[in-house]
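using only what follows, build the 3D model:
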Amino acid sequence: MLCCRCGKSPVPLPGIFGQDLAGWLTRMNQKHTYGRATRSVPGAKRADTSRVGGTPEARLRRAMPQLSPAERRGLLRWPRRALQVRTALLRTLAIDSIRGRQRSPGTIARARRQGQEFAIDDLAIVPSKHEQGARGEITAFLLRPRRPRSPSPAVVALHQTTPMGKEEPAGLRGDPDMGYGAELARRGYVVLIPDLLLAGERVLEGSAWDMSAYPISEKPTLVGRHVLDTISCVSYLRSLPSVDPARIGLLGHSQGGIAAFLTSALDRRVAATVANDGFMTFRQDPNLARWSRLMPRAAGRPGFDLDEAAALVAPRALMLINNLGDEFIPHTRWSSVLEATVSRPPNARRPTPSSPNTSLTASAPETPARGFRAGALGE
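Residues are numbered from 1 along each chain as shown. Model (predicted):
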């Protein structure tokens, strides 16, 4: 994977740290407990710490000397905390499991439009045989470049809170600056743009985004439904022969940014994510009641915060962008939020030229699509 800012390959960490860090720490913590050798399996002899280079803390100190003692301790504790955060996030979204949505879904082809720069396939993705109508069918546009590379990188583009749904990111209606799906298709990406539930062709009853049409008690929550639908979209893209399954990203604005960010925290098949106006923390939100219709448990004590959810994405590429004028996603004390997200959750590292896996900014680029221009999907 390449850096989402400079396009250069990150320098791999030395030795064993080039592997999945959380998995390595978990295995090491099963053998050692802060300087004392323990038995990793019943009946085994005591582990010889000298043969593996010392305790996990000592190896970490040698491999990453730039970390403070507090950061090293936090990093060693992160594998257990990461499991707690993931469990709490699934509980807050009222999602039992994502495995069913990670299977290839069925599709219904409806129409095709041929443009000068890309073709638009109008289709419906059917992840479940048990649900019908707007809940069960994900209406979507698939944008295919006229001169595709094979296999091509692909992006799921998620729209904001707009009644137009998928038509705005496709550049067919609405604000031209929100046509980021069309912009990515022009750049050679295969782009899937779904209607989120309560928008476009998936209005349940009444008007678009009438949240009273989706009961608070329904499982999953509304945001949970958006996350599951996004996972189904990733599964559909992975089933296409023309798409490289290792280079699938997410891009969303506002409500779509929330769905993109939380999906990437749960689904490790996502290689890169850009969430525009889709990130904040519960502890710094002056009005937690705003979440009551989206995911009710967030208004209470969910057992985690969203900067910890951001740490679940690492070491995959993540760009979080907030607009200083957004009323729903406030930017209050953003500098401290950024510091917490990048440095304190232990498996998210500071964005430096040698380790730029997580990139955050407080000012929006010309269009959210530019978050992918520097090669976050391996371009």
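
strands along the stretch 251-379 of the chain, start to end?
With strands called from DSSP state E, counting those that start in this stretch, the stretch 251-379 of the chain shows them at 272-276, 317-321, 358-361.

so for Cys233, which of the ones you listed sits nearest?
strand 272-276 (13.2 Å; C-beta to C-beta). For glycine as for every other residue, the C-beta is placed from the backbone atoms N, C-alpha and C.

pull that closest one out as CSV, backbone CA atoms only.
This file holds the C-alpha atoms of strand 272-276, laid out as CSV (Å, rounded to 0.1, in the frame of the first residue of the first chain):
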residue,chain,number,x,y,z
ALA,A,272,-8.3,2.8,2.1
THR,A,273,-11.0,5.2,3.4
VAL,A,274,-11.8,8.8,3.1
ALA,A,275,-14.5,10.2,5.4
ASN,A,276,-15.4,13.8,4.7
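
which non-adjacent residue is nearest the residue nearest to the spatial centre of the chain?
Per C-alpha atoms, centre = their mean, the C-alpha nearest to the average position across the chain is that of Ser264, at 2.0 Å. In space, and not counting its chain neighbours, Ser264 is closest to Thr273: 4.0 Å by C-beta to C-beta, 6 or more residues apart in numbering.

and Leu250, how far is that from Asn323?
Remark: distance between Leu250 and Asn323 (C-beta to C-beta, to the nearest Å) = 19 Å.

more neighbours: which of these two?
Per other C-beta atoms under 10 Å, whichever of Leu250 and Asn323 has more neighbours is Leu250, with 27 against 15.

pull up the pairing partners for the one helix or strand the more buried one maps to, direction included.
Assigned by DSSP states H and E, Leu250 belongs to strand 243-253. Strand 243-253 sits in its sheet next to strand 152-158 (parallel), strand 272-276 (parallel), going by DSSP bridges.

starting at the chain centroid, how far to the lengthiest helix in the chain?
Longest helix in the chain, counting residues (DSSP state H): helix 69-93. For helix 69-93, the gap between its own C-alpha mean and the chain's C-alpha mean amounts to 16 Å (C-alpha atoms, centre = their mean, to the nearest Å).

average pLDDT across it?
For helix 69-93, mean pLDDT rounds to 91.

likewise stretch 162-178?
Here stretch 162-178 scores 94 as its mean pLDDT.

compute the first-to-last residue distance for that stretch.
By C-alpha to C-alpha, to the nearest Å, the extent of stretch 162-178 from end to end equals 11 Å.

got the buried residues for the longest helix of the chain?
71-72, 74-76, 78-79, 81-82, 85-86, 88-90, 92-93 (16 or more other C-beta atoms under 10 Å).

quick one, what contacts the closest residue to Pro105 other than its chain neighbours?
Closest residue to Pro105 apart from its sequence neighbours, by C-beta to C-beta, 6+ apart: Pro127 at 4.2 Å. By C-beta atoms under 8 Å, 6 or more residues apart in numbering, Pro127 lies in contact with Gly100, Arg101, Pro105, Gly106, Gly136, Ile138, Leu228, Asp229, Ser232, Ser235.

just give me the closest of these to Ala185.
The shortest approach to Ala185 among the contacts of Pro127 belongs to Ile138, at 18.9 Å (C-beta to C-beta).

run a quick neighbour tally on that closest one.
Per other C-beta under 10 Å, the neighbour tally for Ile138 reads 27.

for it, give its distance to Pro56.
43 Å.

just Leu288 next, same as before
According to C-beta to C-beta, Leu288 and Pro56 sit 37 Å apart.

report the beta-bridge partners for the residue nearest to Ser264.
Thr273 has these beta-bridge partners by DSSP bridges: Leu250, Leu318.

ok, it to Leu198 distance?
Per C-beta to C-beta, Thr273 is found 22 Å from Leu198.

which one of the two has more residues nearby?
Set Thr273 next to Leu198 and count neighbours by other C-beta under 10 Å: Thr273 wins out with 30 against 25.

I'd guessed Cys233 sits against Val191; true?
No - the criterion here is C-beta atoms under 8 Å, and Cys233 misses it with Val191 at 10.5 Å.

list residues touching both of those two?
With C-beta under 8 Å, 6+ apart as the test, Cys233 and Val191 both reach Val156.

I am finished for the moment; much appreciated.
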